[in-house]
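> quick one, what's the 3D model for this:
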Amino acid sequence: MIRFVRKNGWVTGLFVLLALLFVITKIIQPGYGAGDFGSLVRAVLPFAFAVAAQTIVVIAGGIDLSVASMMALTSVTAAYMMNGASEEFALLVVPMVLLMGAGLGALNGILIVVTRVPDIVVTLSMLFVLQGAALLVLDSPGGAAAEWLKELIVGTIQIPGIPDAINAWLPKGLLLLLVCLGIVWIPLRRSWLGLSIYAIGSSPLAAFRSGVPVARTKTIAYAFSGLFGAMGGLTLTMSTGIGAPIPGPYLLASVAAVVLGGVVLGGGRGGLVGPIVAVFVLRLVRTDLTLLAIDPNVTAIVEGTIMVVVVMLGAYLAMRGRTS
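Okay, here's the model as predicted:
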């Protein structure tokens, strides 16, 4: 146990911080309960998938500024296709949207590899392209979502033999998040492809000399980023029941959570658990500020300050890691 804590000290610290924030939340609002936690999870879902999308490309030594626009495009596409359609048609829409996200992510990777233009420039350009495409699909919030999709994140999990008081603290949204991330990340992390992604993030030249196909691996990393982005877009449609073509505040939040989660901006180090816990930390901070009736403008300043400090700290650690 002690060895595990030492090996995963950063993530363990985040869990402790999250627990402390829950205690503070309970002190601020004694009535904070299972329903409020369920609302927190639903609010976290799109942020969590945005963070997952960002994490995989950062580990690969890149960055994706088109995450929020990717989510907006997949959200409005899903909402547009499901509007007025049968419940069964959504069974086709979901995989189509996921494939679209993976394809657009792969396009990011291909452009970066072929043109050799820095990731930040290519993905910034794609941010505007995808944002424009989202507005072409829906020029204003609209569309619809299948009822069975919306029900996937509403309510709690009822596990036989478990007291209702415990089941109430197991929202469906949390199960959906864990299943979707686990299905993709766990096999990837343990595979040769996962090791290759870490290798090109640590040193592309060393990875190339070791026989790793750097170009193909980077392209696949961006494809997985697009896949997670599409999942985030779907959760946006599921939680609101419509599609919104305007990108939300997911880009900066994703970078901040990635760094706060222990992933080095230079690439090659980190995992997915830390950034996901960091998302909950950042959203719970916002919840506490709201419960304290802090002016929304001040709340935005506090959140922005936290994100800027975290990103600057991550950049400093990355530069220090390169020089050491």
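> which residues sit against stretch 293-313?
Stretch 293-313 is contacted from outside by 252, 253, 255, 256, 259, 260, 282, 285, 286, 289, 290, using CB atoms under 8 Å, 6 or more residues apart in numbering. Backbone N, C-alpha and C define where each C-beta goes, glycine included.
> low-scoring stretches of the stretch 1-150 of the chain, by residue?
1-8 (pLDDT under 70).
> quick one: the helices in it, in order.
2-7, 9-28, 34-59, 67-82, 90-115, 119-137, 147-151 (DSSP state H, counting those that start in this stretch).
> export the ones you listed as TSV, with columns for distance to residue 246 and mean neighbour count.
Conversion of those to TSV gives the following (distance: least, CB to CB, whole Å; neighbours: other CB atoms under 10 Å):
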stretch	distance to residue 246	mean neighbour count
helix 2-7	42	9
helix 9-28	29	15
helix 34-59	13	24
helix 67-82	7	28
helix 90-115	18	19
helix 119-137	8	18
helix 147-151	21	14
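> list buried residues within the contacts of stretch 293-313.
253, 255, 256, 259, 260, 282, 285, 286, 289 (16 or more other CB atoms under 10 Å).
> among those residues, which are in strands?
In strands, judged by DSSP state E, none of these are found.
> hmm, back to that, and the furthest pair within the contacts of stretch 293-313?
259 and 290 (23.8 Å; CB to CB).
> TSV for the buried ones among the contacts of stretch 293-313, including distance to residue 112 and pLDDT?
Output for the buried ones among the contacts of stretch 293-313, formatted as TSV (distance: CB to CB, whole Å; pLDDT from 0 to 100):
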residue	distance to residue 112	pLDDT
253	23	86
255	18	88
256	23	85
259	21	85
260	26	85
282	28	89
285	34	88
286	33	86
289	38	86
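> could the residues you listed go into TSV alongside distance to residue 92?
Listed next are those as TSV, based on distance: CB to CB, whole Å:
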residue	distance to residue 92
253	31
255	34
256	36
259	38
260	38
282	35
285	39
286	36
289	42
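> quick one: which of those is nearest residue 9?
Looking across the buried ones among the contacts of stretch 293-313 and measuring by CB to CB, the closest to residue 9 is residue 260, at 14.3 Å.
> what separation is there between the closest one and residue 222?
Look at residue 260 and residue 222: by CB to CB, to the nearest Å, they are 23 Å apart.
> ok, residue 283 next?
26 Å.
> who's more crowded, those two?
residue 222 (30 against 20; other CB atoms under 10 Å).
> please tell me I have it right and that one contacts residue 66.
No - contact criterion CB atoms under 8 Å: residue 222 and residue 66 do not qualify, at 9.7 Å.
> what sits in contact with each of those two?
Joint contacts of residue 222 and residue 66 (CB under 8 Å, 6+ apart) are residue 108.
> how long is stretch 113-124 end to end?
15 Å (CA to CA, to the nearest Å).
> gap between that stretch and the chain center?
Stretch 113-124 sits 21 Å away from the centroid of its parent chain (CA atoms, centre = their mean, to the nearest Å).
> cool, stretch 35-55 as well?
7 Å.
> stretch 120-129 now?
18 Å.
> for the residue nearest to residue 61 when sequence neighbours are not counted, phi and psi?
Once flanking residues are discounted, residue 61 sits nearest to residue 267: 3.2 Å by CB to CB, 6 or more residues apart in numbering. With angles defined as degrees, to the nearest 10, residue 267 sits at phi 100, psi 160.
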